[in-house]
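Enquirer: Build me a model from this:
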Amino acid sequence: MKILLIHGPNLNLLGTRETGVYGAETLESINGRCLKLAEELGVELDIHQTNSEGEIVDLVQSAAGTAQGIVINPGAYTHYSYAIRDALAAVKVPAVEVHLSNIHSREEFRHKSVIAPVIAGQIAGFQGDSYILGLRAIVGIINNA
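Expert: As a prediction, this is how the structure comes out:
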């Protein structure tokens, strides 16, 4: 089983960016924890980070026929990227949206996800553990399909 893990814009700055909101854990640390869990679960994890909306669309489209699931943190694109939403809907690969912070307790514009209606579920507010929970969730979804 192969899972595509996509980190969106500004997540490469984790550990130094607004640590009161996003925590002090780095992206490298989160990736390491996810890789360790993937090994325990017996799944292959393909990890990417990009600040480009178009590249996220390309990554999602590449999952069709190559990955059984997607874990995605679209970052700020969560709130307005119909291109990413449409790509997720088009590929018909189950996906889980994750966020480090609780987007529903932050600024009003962050409360709405245009991604949420086309994915299996959303996990938010658990900092780096959101990714761990998301990976466990997508594996469970795939195994129970």
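Enquirer: Just checking, which helix or strand of this structure averages the lowest pLDDT?
Expert: helix 19-22 (a mean of 72; mean pLDDT, DSSP states H and E).
Enquirer: Can you point out the buried residues in it?
Expert: Tyr22 (16 or more other CB atoms under 10 Å). (C-beta placed from N, C-alpha, C; glycine too.)
Enquirer: Mind listing residues that contact it?
Expert: Leu14, Leu100, Ser101, Arg106, Gln127 (CB atoms under 8 Å, 6 or more residues apart in numbering).
Enquirer: dump the residue contacts of the second one.
Expert: If I follow you right, that is Leu100. Leu14, Val21, Tyr22, Gly23, Asn73, Ala124, Gly125, Phe126, Gln127, Gly128, Ser130.
Enquirer: what's the spacing between the residue nearest to His7 when sequence neighbours are not counted and Lys112?
Expert: Nearest residue to His7, sequence neighbours excluded (CB to CB, 6 or more residues apart in numbering): Gln49, at 3.9 Å. According to CB to CB, to the nearest Å, Gln49 stands 24 Å off from Lys112.
Enquirer: quick one: which of these two has more around it?
Expert: Gln49 (19 against 13; other CB atoms under 10 Å).
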